[in-house]
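>>> Mind looking at a prediction? Sequence and model below.
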Amino acid sequence: MNEMKKINLIVNDKTYQLEVDIRESLLDVLRNRLHFTGVKEGCSVGECGACTVLIDGVPTSSCIYLAVFADGKKIRTIEGLEKDGKLSKVQQNFIDEGAIQCGFCTPGIVMTTTALVESGNKFTDEEIKREISGHFCRCTGYQKIFDAVKKSLDDK
Ligand code: FES
Ligand code: FES
């Protein structure tokens, strides 16, 4: 029999109380139960970065993070970045730099970039590349993504 547990997830500043199977990933709960479909499922094994969300500000692969571990934590998804109908600066930079093609990888990279910007730290080009190296993109060839991340860090 499946073991269930009651948890509170704080997603984009709203608290959701739900009962989850202790084996359920945070990705499955966000997408299938709470309908945050901006969180993408790629590899499902922690390698592609498509499912990245911020947990207490830290970019995290939600496919390999159990929902029960997120109990009481603050989760941010791409849906939480827009304010009053306006995209965040990072989202707008990805559009302006042409860093989006099919868009499947985009929410994850935008979340990681948001965490880099909010850290307030400075990054060299090599450090930027390392920070986004956990994200796979099949379309863009990465240069435009790099440009969008760099612009976001220069903009702040
Ligand atoms: S779907 Fe989670 S890292 Fe690929
Ligand atoms: S834009 Fe298609 S995978 Fe990155």
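Great, that's in hand. Just so we're clear, the structure is a prediction, and the values are computed from it rather than from any experiment. Ligands and ions are numbered 1, 2, ... in the order given.
>>> need the residues of the protein near ligand 2, please.
Ile100, Gln101, Cys102, Gly103, Phe104, Cys105, Thr106, Cys137, Arg138, Cys139, Thr140 (Cβ under 6 Å from any ligand atom). C-betas here are computed from N, CA, C, even on glycine.
>>> repeat that for 5 Å
Contacts of the chain with ligand 2, taken as Cβ under 5 Å from any ligand atom, map to Gln101, Cys102, Phe104, Cys105, Cys137, Arg138, Cys139.
>>> check contacts around the third one.
With contacts defined as Cβ atoms under 8 Å, 6 or more residues apart in numbering, the neighbours of Phe104 are Lys40, Gly42, Ala50, Arg138.
>>> Same question for the last one.
Residues touching Cys139, when contacts are defined by Cβ under 8 Å, 6+ apart, comprise Gln101, Cys102, Cys105.
>>> Kindly recompute the last result at 6 Å.
With contact taken as Cβ atoms under 6 Å, 6 or more residues apart in numbering, Cys139 is in contact with Gln101, Cys102.
>>> how much space between it and Phe69?
32 Å (Cβ to Cβ, to the nearest Å).
>>> Going through the residues of the chain next to ligand 2, which ones are buried?
Phe104, Cys105, Cys137 (16 or more other Cβ atoms under 10 Å).
>>> How many residues are close by Thr114?
Thr114: 22 surrounding residues under other Cβ atoms under 10 Å.
>>> Find me the pLDDT at it, would you?
Thr114 is assigned 98 on the pLDDT scale.
>>> So which elements touch the helix or strand where it lies?
Using DSSP states H and E, Thr114 maps to helix 106-119. Packing contacts for helix 106-119, counted by 3 or more Cβ pairs under 6 Å, 6 or more residues apart in numbering; DSSP states H and E, involve strand 52-55, strand 58-61, helix 89-96, helix 143-155.
>>> That concludes my questions; thank you for your assistance.
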